[in-house]
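Q: sequence and predicted model, in that order:
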Amino acid sequence: MNKVVYLDSAATTPVDPAVFEEMRPYFTERFANPMTFTHSSVGELAHTAVEEARERVASLIGSKPDQVVFTSGGTESDNWVLKGAVERASRERLHKPGHLITAEFEHHAILHSALALQRQGYEVTFIKVGRSGIVDPDDVRHAMRPNTVLVSIMHANNEIGTIQPIAEIARVAHDGGALMHTDAVQTAAHIAVDVNALGVDFLSLSGHKFNGPKGVGILFVRDHESLYPFIDGGGQEWGLRGSTHNVAGIVGLGKAAQLGKQRLPGELTRLTALRNRLYDKLASRIDRIAPNGDMRQRVPQNLNIRIEGIDNEPLLLAMNEAGIIAAGGSACNAQETLASHVLTSIGCDLKEAKSSIRLSFGYMTTDNDIDYAAEVIPGLVRFLRSMA
Ligand code: PLP
């Protein structure tokens with residue numbers, strides 16, 4: 001294969017070799033169903049592995065192990081909390097459909113779940129977010145109503161990386177009698193995520209964003225009585241989430257959480273420096289470029305820039321030809337030619353949104369990758385501008 005500089009870690013990351021090695025036996029000799037642990041020695045092995053993974057994830061987010069419920073990933077966790085918690089609080093507190101607050105720039109797992117609730121008669125407020133890409137807690141305060149049952153604001157945005165004041169927003173939610181959820185898919189194992197410091201009742205995370213496997217994640221649930229099950233089935237996960245455990249995936253998630261926690265301080269410093277170096281180099285070599293969203297309140301692994309006078313599609317294709325993989329928006333919408341809903345929601349016009357690219361980094365990103373991108377991208381931009 002030709003040289004590939006992968007700068008799309010916000011879309012997904014490779015499974016770390018140590019994670020893969022830890023998962024391997026659970027596909028083969030340790031294949032048993034963990035729910036059979038009461039009468040089976042092989043079931044016991046699988047059960048122990050699942051519980052060890054639960055402890056490792058709990059340690060990453062500062063929760064108790066029994067507050068970690070395994071799911072199939074960020075999308076399921078987001079769907080579950082919106083539907084399961086809003087329905088339960090509405091039925092038990094209000095005896096009728098209540099009100100949910102979220103933000104216009106959320107991931108579609110949240111936005112489309114909110115729209116589904118709206119179709120069923122629930123009320124939803126979508127908070128507007130300005131150019132900084134940061135939700136103002138006062139806007140949440142003003143949106144609160146007596147029937148608000150849940151506030152769901154993401155910890156960091158997946159396209160522009162901006163970090164939200166979750167602890168402050170959680171206080172607003174709780175003062176108004178609502179529960180608080182945050183989608184931490186882009187922050188877990190990248191910046192400090194502590195459910196008690198954040199003051200959240202629910203938190204979603206996904207293994208494949210920090211060198212774990214795809215198709216496995218968690219919902220942190222502070223109180224098991226605060227939401228209805230989303231997947232009804234057997235008694236797995238305290239009856240909150242049916243289906244035979246994805247043991248290998250869960251083991252991989254646990255190992256990735258353990259490694260992520262160990263590496264976090266070093267990676268935070270390293271990736272922040274790499275990101276800033278790339279931006280400084282690009283800005284010195286390309287005129288009329290600007291970051292989308294606040295540059296300081298941002299996860300270290302994200303750089304989102306708009307480059308006046310170019311269209312992101314041909315630029316991304318040309319970068320791909322040169323071996324640099326990046327993105328125009330989120331991976332889930334990569335087939336859409338529409339401008340990113342995140343960029344338009346923070347006030348970019350269509351032209352600005354279509355001239356923006358997201359470069360995102362991970363544990364595998366090296367100094368050489370950054371230098372190569374900083375060398376190659378300016379030439380491609382000059383060429384595309386000359387063709388325009
Ligand atoms: N939430 C955010 C912020 C994301 O970035 C993603 C993935 O792109 C998801 C949710 C969905 O996670 P998963 O791919 O595990 O379903």
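A: Thanks, I have the structure now. Residues are numbered from 1 along each chain as shown.

Q: show me the strands in the stretch 151-300 of the chain, by range?
A: For the stretch 151-300 of the chain, the strands defined by DSSP state E, counting those that start in this stretch occupy 179-183, 202-206, 217-221, 289-291.

Q: so which of the ones you listed gets nearest the ligand?
A: strand 202-206 (3.3 Å; CB to the nearest ligand atom). In short, each C-beta sits where N, CA and C put it, glycine included.

Q: chain center to the closest one, what's the gap?
A: Relative to its parent chain, strand 202-206 has a centroid offset of 8 Å by CA atoms, centre = their mean, to the nearest Å.

Q: what residues sit buried inside that strand?
A: Neighbour-count burial for strand 202-206 flags Phe202, Leu203, Ser204, Leu205, Ser206 (criterion: 16 or more other CB atoms under 10 Å).

Q: what's the answer for stretch 103-116, then?
A: Ala103, Phe105, Glu106, His107, His108, Ala109, Ile110, Leu111, Ser113, Ala114.

Q: on that earlier part again, now, the most widely separated pair of the buried residues of strand 202-206?
A: Phe202 and Ser206 (14.3 Å; CB to CB).

Q: just the C-alphas of the helix or strand containing Ala373, formatted as PDB.
A: Assigned by DSSP states H and E, Ala373 belongs to helix 367-387. In PDB, the C-alpha atoms belonging to helix 367-387 read as follows (Å, rounded to 0.1, in the frame of the first residue of the first chain):
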ATOM      1  CA  ASP A 367       5.200  14.000  14.000                       C
ATOM      2  CA  ASN A 368       6.000  12.800  10.400                       C
ATOM      3  CA  ASP A 369       2.300  12.600   9.600                       C
ATOM      4  CA  ILE A 370       1.800  16.200  10.700                       C
ATOM      5  CA  ASP A 371       4.800  17.400   8.700                       C
ATOM      6  CA  TYR A 372       3.700  15.600   5.600                       C
ATOM      7  CA  ALA A 373       0.200  17.100   5.800                       C
ATOM      8  CA  ALA A 374       1.700  20.600   6.400                       C
ATOM      9  CA  GLU A 375       3.900  20.100   3.300                       C
ATOM     10  CA  VAL A 376       1.200  18.700   0.900                       C
ATOM     11  CA  ILE A 377      -2.000  20.500   1.700                       C
ATOM     12  CA  PRO A 378      -0.900  24.100   0.900                       C
ATOM     13  CA  GLY A 379       0.200  23.000  -2.700                       C
ATOM     14  CA  LEU A 380      -3.200  21.300  -3.200                       C
ATOM     15  CA  VAL A 381      -5.000  24.400  -2.000                       C
ATOM     16  CA  ARG A 382      -3.000  26.700  -4.400                       C
ATOM     17  CA  PHE A 383      -3.700  24.300  -7.300                       C
ATOM     18  CA  LEU A 384      -7.500  24.200  -6.600                       C
ATOM     19  CA  ARG A 385      -7.700  28.000  -6.100                       C
ATOM     20  CA  SER A 386      -5.900  28.500  -9.400                       C
ATOM     21  CA  MET A 387      -8.500  26.300 -11.100                       C
END
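
Q: what packs against it?
A: Other elements packing on helix 367-387 under the criterion 3 or more CB pairs under 8 Å, 6 or more residues apart in numbering; DSSP states H and E are strand 5-6, helix 247-285, helix 312-321, strand 324-325.

Q: what sits up against it?
A: The contact list for helix 367-387 (CB atoms under 8 Å, 6 or more residues apart in numbering) reads 3, 5-7, 274, 277-278, 281-282, 285-286, 307, 309-311, 314-315, 318-319, 322-324, 359, 361.

Q: now swap in stretch 7-21 and tell me
A: With contact meaning CB under 8 Å, 6+ apart, stretch 7-21 is reached by 23, 158-159, 161, 186, 208-214, 252, 255-256, 259, 301-302, 324-327, 330-331, 334, 358-365, 369, 373.

Q: residues from the stretch 1-150 of the chain in reach of the ligand?
A: Gly73, Gly74, Thr75, Asp78, His107, Ala109 (CB under 6 Å from any ligand atom).

Q: show me which pair in those residues is furthest apart.
A: The farthest-apart pair in those, when distances are taken by CB to CB, is Gly73 and His107, at 11.6 Å.

Q: distance of the nearest residue to Glu44 once chain neighbours are set aside from the ligand?
A: In space, and not counting its chain neighbours, Glu44 is closest to Phe37: 4.6 Å by CB to CB, 6 or more residues apart in numbering. Remark: distance between Phe37 and the ligand (CB to the nearest ligand atom, to the nearest Å) = 27 Å.

Q: how many residues are close by Phe37?
A: 18 (other CB atoms under 10 Å).

Q: now do it against Ala46, distance only.
A: From Phe37 across to Ala46, the span is 7 Å (CB to CB, to the nearest Å).

Q: and for Tyr363?
A: For Tyr363, the distance to Ala46 equals 28 Å [CB to CB].

Q: got any ranges where this protein has weak pLDDT?
A: Per-residue confidence for the chain (pLDDT under 70) gives these ranges: 1, 330-338.
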